[in-house]
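Peer 1: What follows is a predicted protein model with its sequence.
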Amino acid sequence: MRRTLKTLIVAMMLAGCAPTGPEAPRAGSDPFEVAVYDGAFATIQQFTTPGGVSVWLVEEPSIPILSLRMAWKTGTTSDPIGQDGLTDAVTYMMNEGAGDYDTQAFQTRMEELNMSFGCSAARVSTACSASMLTDNLENSFELIGLAYASPRFDPDPFGRLVRERAVGLETRQTNAGYLASRALVEALYPDHPFARQISEDSLAALTPEAAKAHKDRLMSRDGLLVTAVGAVSPQQLAPLIDAMIAGLPETTERAAPRPVDMASAAPAPILVDLPQPQSLVQFIGPGVTREHADFYPLAVMNYIFGGGGFGTRLMDELRVARGLTYGIYTQVDPDAYLPVLAGGGTTKNESAAEFVDAIADEMTTMAETGATAQELEDALLYLIGSYPLSFDSNAKIAANMMSLRLDDLPVDQFDRRNERISSVTLEDVNRVAATYLDPARYTFVVVGEPEGFTD
């Protein structure tokens with residue numbers, strides 16, 4: 001009897017642990033081969049459509065909705081020099097009219113079909129997502145296919161995009177988060193493609209014609225990755241996908257950017273003036289990719305140090321004990337091109353220097369004395385026990401599967417994750433704390449009117 005996704009999630013939450021081991025994918029006997037991975041969090045069917053599209057599907061017959069994710073490994077770093085913002089313009093315009101449908105007609109048609117469709121871009125990927133009733137699959141896929149084949153890029157919605165981005169250029173100059181991020185970028189990797197950003201000149205250079213041409217460089221039939229969750233079988237889904245992408249170019253050239261080689265940490269905090277009553281502090285240091293042996297120990301250590309909200313070392317000392325902030329956090333980002341351990345928080349201008357020193361002191365203390373057995377136990381219980389909440393909707397499951405695919409992770413990653421978390425020892429945590437929490441590895445930036453810093 002086939003287990004439903006809901007049953008699997010409930011079982012995992014009750015058990016509070018990962019399965020002892022995954023089942024090997026088994027081949028199906030359909031016209032195209034379907035490999036089935038029967039994991040604890042989801043039964044994932046993997047197949048390639050007759051048109052050559054690679055698909056991961058989770059059938060969920062109890063919910064008559066299909067959540068769909070489609071992605072390519074080309075993103076904003078593909079923008080031509082002098083046209084930063086072009087990929088953003090493409091994704092913005094993808095649901096602003098296609099074929100005979102102008103913007104209003106396209107939106108009205110989506111409402112009639114009870115569906116949604118939209119696209120977005122990151123530095124090295126472009127993605128589109130859709131949600132639809134399974135009763136309307138054919139018509140919904142047809143509308144998405146029209147957007148892929150014949151997007152309009154009409155002047156009126158394109159002009160709206162330009163106006164919105166122009167407002168963003170103005171407001172970002174008073175946004176403390178933006179100013180802090182830019183200061184870190186300029187200090188650590190100013191010449192890397194990740195440092196590029198939209199400007200007044202590049203915005204002025206954008207045209208509907210350029211965006212329409214760039215769309216074909218981003219989206220093609222080859223390189224398309226699809227994840228789907230809903231009441232649909234591989235045999236139903238495959239022809240719908242192939243018909244949907246028939247209007248895309250067959251192939252395009254893709255070039256991945258080089259990994260970031262960050263400069264050495266700034267020797268002193270970088271101060272950015274912004275008239276406001278509080279100072280924003282951000283800090284960043286080198287981390288590791290997900291494939292690195294230190295990744296899971298680092299994730300557990302991070303939860304103890306600053307990633308777990310209330311009860312972390314930083315919150316207990318800087319908020320509860322010393323009253324320097326309402327909140328402070330750290331996070332591990334295992335980005336394949338720019339892996340970092342970063343964090344931030346806010347404090348009063350007059351306590352800015354004390355706040356930075358206190359963060360550095362807590363890094364040193366954690367590196368020298370390590371975590372306790374109780375802290376490790378609490379971290380493992382939370383990180384393992386809360387994980388099933390990432391799978392409580394079709395949309396979350398489809399998005400999580402796409403994250404695996406874009407990161408070239410295996411289909412059993414969901415199950416392996418908890419196994420690897422649970423295997424982290426206190427020795428592992430203390431080892432990575434000593435390695436990665438050296439304050440000298442971190443660049444600090446302070447945005448506001450901070451006090452207490454010497455020239």
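Peer 2: Perfect, thanks for sending it.

Peer 1: pLDDT averaged over the helix or strand hosting residue 159, what's the number?
Peer 2: When secondary structure is defined by DSSP states H and E, residue 159 falls within helix 155-171. When pLDDT is averaged over helix 155-171, the result is 97.

Peer 1: What is it packed up against?
Peer 2: Under the contact criterion of 3 or more Cβ pairs under 8 Å, 6 or more residues apart in numbering; DSSP states H and E, helix 155-171 touches helix 86-93, helix 200-205, helix 208-218. For every residue, glycine as well, the C-beta is placed using N, CA and C.

Peer 1: repeat that with 10 Å
Peer 2: Counting contacts by 3 or more Cβ pairs under 10 Å, 6 or more residues apart in numbering; DSSP states H and E, helix 155-171 packs against helix 86-93, helix 103-112, helix 200-205, helix 208-218.

Peer 1: From what I see, residue 413 and residue 401 are in contact.
Peer 2: Yes: the pair formed by residue 413 and residue 401 meets the contact definition of Cβ atoms under 10 Å, at 9.4 Å.

Peer 1: So for those two, which sits in the more crowded spot?
Peer 2: When neighbours are counted by other Cβ atoms under 10 Å, residue 413 and residue 401 differ, and residue 401 comes out ahead with 26 against 18.

Peer 1: For that one, give me the pLDDT.
Peer 2: At residue 401 the predicted local confidence, pLDDT, stands at 97.

Peer 1: Tell me who's in contact with it.
Peer 2: With contacts defined as Cβ atoms under 10 Å, 6 or more residues apart in numbering, residue 401 is in contact with 42, 44, 56-58, 69, 225-229, 391, 409, 411, 413-414.

Peer 1: ranking these by neighbours, who comes first?
Peer 2: Ranked by neighbours (other Cβ under 10 Å), these are led by residue 229, which has 30 neighbours.

Peer 1: Helix, strand or coil: sort out that one for me.
Peer 2: Three-state assignment for residue 229 (DSSP: H, G, I helix; E, B strand; the rest coil): strand.

Peer 1: Pretty sure it sits against residue 56.
Peer 2: Yes: under the contact definition of Cβ under 10 Å, residue 229 touches residue 56, with a separation of 9.2 Å.

Peer 1: any shared contact partners between the two?
Peer 2: The contact sets of residue 229 and residue 56 overlap at 42, 44, 69, 397-398, 401 (Cβ under 10 Å, 6+ apart).

Peer 1: out of the residues you listed, which are inside helices?
Peer 2: Members of the shared contacts of residue 229 and residue 56 lying in helices (criterion: DSSP state H): 397-398, 401.

Peer 1: need those residues in TSV with distance to residue 418, can you?
Peer 2: Rendered in TSV, the data for these read as follows (distance: Cβ to Cβ, whole Å):
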residue	distance to residue 418
397	16
398	20
401	16
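
Peer 1: for these, which one is nearest residue 165?
Peer 2: Distance to residue 165, by Cβ to Cβ, is smallest for residue 398 among those, at 28.8 Å.

Peer 1: related to what we said a few turns ago, continuing past the helix holding residue 159, what's the next helix or strand?
Peer 2: Using DSSP H and E, the helix or strand that follows helix 155-171 in sequence is helix 176-188.

Peer 1: Against which helices or strands is that next one packed?
Peer 2: With contacts defined as 3+ Cβ pairs under 10 Å, 6+ apart, the packing partners of helix 176-188 are strand 270-273, strand 278-286, strand 340-348, strand 443-448.

Peer 1: JSON lines for those strands, including mean pLDDT, distance to residue 324 and mean neighbour count?
Peer 2: As requested, those are exported to JSON lines (pLDDT from 0 to 100; distance: least, Cβ to Cβ, whole Å; neighbours: other Cβ atoms under 10 Å):
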{"stretch": "strand 270-273", "mean pLDDT": "98", "distance to residue 324": "18", "mean neighbour count": "15"}
{"stretch": "strand 278-286", "mean pLDDT": "98", "distance to residue 324": "10", "mean neighbour count": "23"}
{"stretch": "strand 340-348", "mean pLDDT": "97", "distance to residue 324": "5", "mean neighbour count": "22"}
{"stretch": "strand 443-448", "mean pLDDT": "98", "distance to residue 324": "13", "mean neighbour count": "25"}
